[in-house]
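Participant: all I have is the shape, not the residue letters:
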């Protein structure tokens, strides 16, 4: 499982900043504010993502994507739990896979394997099968909101 500590310094911060988000790195022994699942999973409060060195990259991206897909007026009020619907959750998963390709050394293929290892569950049995064959609704939802940074064929690298 790839961790925040495995990323080159500043890469996660730079990616989140492109979406108006801030990453706050928490000390290794500290509680992560706004963590829905508890340590070492990332937490969210407002436009801030909280993580420790041992936070999985998939968790960091997932929580950041919850903030990215949230309407700006909603984002300021988010604390810990951001999802309002299954389609929003699916869109968050889809976007985190795309954004993994924006992090050097990560990539969507590795991220999907980590998502499966962590326990994400999809109707088709794996993250990759869902992403490639069953995520049309998530793509449409993101597209309607102008949130697709890459065409689907460009992902999975």
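Facilitator: Arrived safely. Because the structure is predicted, anything quoted here is derived from the model rather than measured.

Participant: mind listing the strands for the protein?
Facilitator: Under the criterion DSSP state E, strands of the chain are mapped to 22-25, 43-45, 48-51.

Participant: can you redo those strands as TSV with distance to residue 117, mean pLDDT and mean neighbour count?
Facilitator: For glycine as for every other residue, the C-beta is placed from the backbone atoms N, C-alpha and C. TSV is the format used below for these (distance: least, CB to CB, whole Å; pLDDT from 0 to 100; neighbours: other CB atoms under 10 Å):
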stretch	distance to residue 117	mean pLDDT	mean neighbour count
strand 22-25	23	98	15
strand 43-45	21	98	23
strand 48-51	18	98	24
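
Participant: for residue 123, grab the count of nearby residues.
Facilitator: Other residues near residue 123 come to 8 when the count uses other CB atoms under 10 Å.

Participant: pretty sure it is touching residue 130, no?
Facilitator: Yes: if you go by CB atoms under 8 Å, residue 123 and residue 130 touch, sitting 6.8 Å apart.

Participant: what distance do you get for residue 142 to residue 25?
Facilitator: According to CB to CB, to the nearest Å, residue 142 stands 28 Å off from residue 25.

Participant: likewise residue 136?
Facilitator: Taking CB to CB as the measure, residue 136 and residue 25 are separated by 36 Å.

Participant: so this structure: which segments form each domain?
Facilitator: Using automatic domain parsing, the domain parsing of the chain gives 4-75, 86-154.
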